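*Asks:* Following is a predicted model, sequence given first.
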Amino acid sequence: MKILYYECFSGISGDMNLGAMIDIGVEELYLRNELSRLNLKGWELAVEKEKRHGITGTKVTVIPTREEHHHRHPGDIEKIIEESTLSGNVKRIASAIFREVALAESKVHDIPYESVHFHEVGAVDSIIDIVGAAICYDRLGIDKVHISTLELGGGMVKCAHGVLPVPAPATIEIVRGLPVITGGVSFEATTPTGAAIVKALGTSFGAAPGLIIEKTGYGIGQKEGIERPNMLRVSVAETVETAKYKDDAFIAECNIDDMNPEWYEYITGLLFKAGASDVWLTPIIMKRNRPATKLSLLCAGDKLDILKNIILRESTTVGLRIIAAGKVALERSIEVIDTPMGKFRIKVSRLDGKVATAKAEFSDCSDAATRNNIPLKDVYRYIDHETSKLYD
């Protein structure tokens with residue numbers, strides 16, 4: 001699983017994000033060519049290497065080449081995006097980012113969504129920042145995006161509505177529900193554009209998960225000569241579990257204290273038939289000392305939806321716990337041996353090419369015991385001797 005990890009220790013803005021994306025590997029020429037598909041005039045892109053506190057990164061500045069005298073509505077932005085020749089996925093991502101800003105402005109000013117006037121975010125530089133973010137995200141082929149705690153900044157900021165406290169009203173509305181911190185720097189660290197980018201792209205927030213970093217990029221901001229470097233750090237990584245255990249495995253489980261126990265056999269049969277790798281029942285004690293059963297299953301990711309629906313439909317539970325699980329498995333095969341007692345299917349497991357276990361199918365052993373009129377334990381002793389040859 002490919003993770004994009006944003007470290008927003010000095011906030012995030014649209015240009016810092018573009019700088020970090022180029023620094024981490026998105027080709028500058030590719031970004032320029034894709035942005036040209038917007039068919040939007042009146043801007044230039046300046047890309048340069050810069051240092052902050054001894055750390056080298058990429059600084060991107062969108063420079064308007066003509067003065068704009070009109071404000072755009074959400075419909076105007078959507079029209080620009082939809083009439084472009086960008087890919088469908090880039091259009092979808094860019095529209096989602098703009099929608100976060102429009103919803104915030106609608107809430108702050110108590111006006112209908114379609115009546116929102118984009119001021120700063122409707123300007124050509126912000127349009128390039130947001131569409132550029134969508135282009136870069138699509139180019140990297142990321143599975144998930146983790147966002148650190150956001151530094152919002154402090155002090156006052158001048159905007160279209162006058163001088164306002166940091167964070168700006170739209171920013172504070174966009175980041176509602178996300179982990180944030182303020183006062184680390186005395187300027188607007190996270191802009192509405194930056195906030196909308198992480199809100200729309202982020203799939204998890206807060207403390208970083210265990211990661212194995214593959215590469216890191218730095219997006220340089222416009223502020224210089226301050227104690228904390230004005231930069232954004234972004235890394236491409238894998239989670240530790242994903243890197244170590246490549247199997248895509250999940251555990252789904254629920255606690256049940258009000259179901260007819262006769263139903264368990266039927267439900268577990270359905271789960272196995274639908275592709276569960278394993279199903280098991282655990283006796284537990286629930287609230288008020290009620291005896292209960294924990295129903296658990298292990299499955300691959302592509303089987304999870306159908307299996308959880310079987311449990312929710314067939315049992316009396318009202319919910320499930322879904323747990324991602326790293327899975328380690330031996331190489332397995334079924335081999336058939338022909339003996340004087342008959343044919344036996346042998347489940348063989350190998351570690352690094354060598355046989356670790358070899359076990360006969362129970363049904364073959366029980367059939368042989370009945371057919372030859374001998375104790376089952378004698379059949380197992382015989383098969384253990386025969387399978388010992390596989391370990392050589």
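*Replies:* Now that the structure is in, tell me what you want to look at. Numbering: from 1, shown residues only.

*Asks:* so for the host helix or strand of T61, what's the average pLDDT?
*Replies:* Per DSSP states H and E, T61 falls inside strand 55-64. Per-region confidence: strand 55-64 scores 96 on mean pLDDT.

*Asks:* doesn't D76 make contact with A102?
*Replies:* No - with contact defined as C-beta atoms under 8 Å, A102 does not reach D76; the gap is 11.0 Å. Heads up, the C-betas are built off the backbone N, CA and C, glycines and all.

*Asks:* Tell me which of those two has more neighbours.
*Replies:* Using other C-beta atoms under 10 Å as the criterion, A102 and D76 rank with A102 on top: 24 against 14.

*Asks:* Count the neighbours of the closest residue to that one other than its chain neighbours for me.
*Replies:* Leaving aside its chain neighbours, A102 sits nearest to P74 (4.5 Å; criterion: C-beta to C-beta, 6 or more residues apart in numbering). Applying other C-beta under 10 Å, we find 22 other residues in the vicinity of P74.

*Asks:* Would it be right to say that E253 lies in a strand?
*Replies:* Yes - per DSSP: H, G, I helix; E, B strand; the rest coil, E253 lies within a strand segment.

*Asks:* For it, which residues are in contact?
*Replies:* Listed by C-beta atoms under 8 Å, 6 or more residues apart in numbering, the contact set of E253 reads 294-297, 320-321, 323.

*Asks:* can you pull up the bridge partners for V234?
*Replies:* Y6, G217 (DSSP bridges).

*Asks:* any idea of the pLDDT on it?
*Replies:* Reading off the model, V234 has pLDDT 98.

*Asks:* What of E120?
*Replies:* At E120, the pLDDT value in this model is 59.

*Asks:* still on that earlier bit, so of the contacts of E253, which ones are in strands?
*Replies:* Of the contacts of E253, the ones assigned to strands by DSSP state E are 294-297, 321, 323.

*Asks:* Among the residues you listed, which pair sits farthest apart?
*Replies:* L295 and I323 (13.7 Å; C-beta to C-beta).

*Asks:* what about the two, which has more around it?
*Replies:* Counting neighbours by other C-beta under 10 Å for L295 and for I323 shows that L295 has the greater number, 23 against 12.

*Asks:* what sits opposite that one in the beta ladder?
*Replies:* Bridge pairing for L295 - DSSP bridges - gives C254, L281.

*Asks:* what's the answer for R290, then?
*Replies:* M286.

*Asks:* now do the one 10 residues further on
*Replies:* The residues listed as beta-bridge partners of A300 by DSSP bridges are A249.

*Asks:* For the residue nearest to the spatial centre of the chain, give its distance to A46.
*Replies:* The centroid of the chain falls nearest to K144 when counting by C-alpha atoms, centre = their mean (2.8 Å). Separation of K144 from A46 (C-beta to C-beta, to the nearest Å): 31 Å.

*Asks:* Over to G154?
*Replies:* Here the criterion is C-beta to C-beta. By it, G154 lies 28 Å from A46.

*Asks:* In terms of packing, which of those two has more residues around it?
*Replies:* Neighbours were tallied for G154 and for A46 using other C-beta under 10 Å; the higher tally belongs to G154 (17 against 10).

*Asks:* Next, please give the residue ranges for the helices of the stretch 51-200 of the chain.
*Replies:* With DSSP state H, counting those that start in this stretch as the criterion, the stretch 51-200 of the chain has helices at 74-82, 88-109, 124-140, 169-174, 192-201.

*Asks:* residue contacts, the nearest residue to S84 once chain neighbours are set aside?
*Replies:* Spatially, and ignoring its direct neighbours in sequence, S84 is nearest to L38 (4.8 Å; C-beta to C-beta, 6+ apart). Applying C-beta under 8 Å, 6+ apart, we find L38 in contact with 80-81, 84, 86, 127-128, 131.

*Asks:* Please repeat the previous calculation with a cut-off of 10 Å.
*Replies:* L38 makes contact with 80-81, 83-86, 90, 94, 124, 127-128, 131-132, 135, according to C-beta atoms under 10 Å, 6 or more residues apart in numbering.

*Asks:* Using TSV, lay out these together with distance to S388, pLDDT and neighbour count.
*Replies:* Below are those laid out as TSV (distance: C-beta to C-beta, whole Å; pLDDT from 0 to 100; neighbours: other C-beta atoms under 10 Å):
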residue	distance to S388	pLDDT	neighbour count
I80	74	94	17
I81	69	96	22
E83	73	96	11
S84	69	96	19
T85	68	96	10
L86	65	96	22
V90	61	96	23
A94	65	96	27
V124	77	90	19
I127	72	93	27
I128	71	96	26
V131	67	97	28
G132	65	97	28
I135	62	97	28
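
*Asks:* quick one: low-confidence parts of the chain?
*Replies:* Along the chain, the parts satisfying pLDDT under 70 run over 69-70, 117, 119-122, 160-161, 240-248, 326, 392.

*Asks:* can I see the domain layout of it?
*Replies:* Following automatic domain parsing, one gets these domains for the chain: 2-243, 249-325, 331-391.

*Asks:* Check whether K377 really touches S366, as I assumed.
*Replies:* No - under the criterion of C-beta atoms under 10 Å, K377 makes no contact with S366, lying 11.4 Å away.

*Asks:* still on that earlier bit, format the helices of the stretch 51-200 of the chain as JSON lines; extra columns: distance to E361.
*Replies:* JSON lines is the format used below for the helices of the stretch 51-200 of the chain (distance: least, C-beta to C-beta, whole Å):
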{"stretch": "helix 74-82", "distance to E361": "60"}
{"stretch": "helix 88-109", "distance to E361": "48"}
{"stretch": "helix 124-140", "distance to E361": "48"}
{"stretch": "helix 169-174", "distance to E361": "59"}
{"stretch": "helix 192-201", "distance to E361": "50"}
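
*Asks:* Thank you kindly, that will do.
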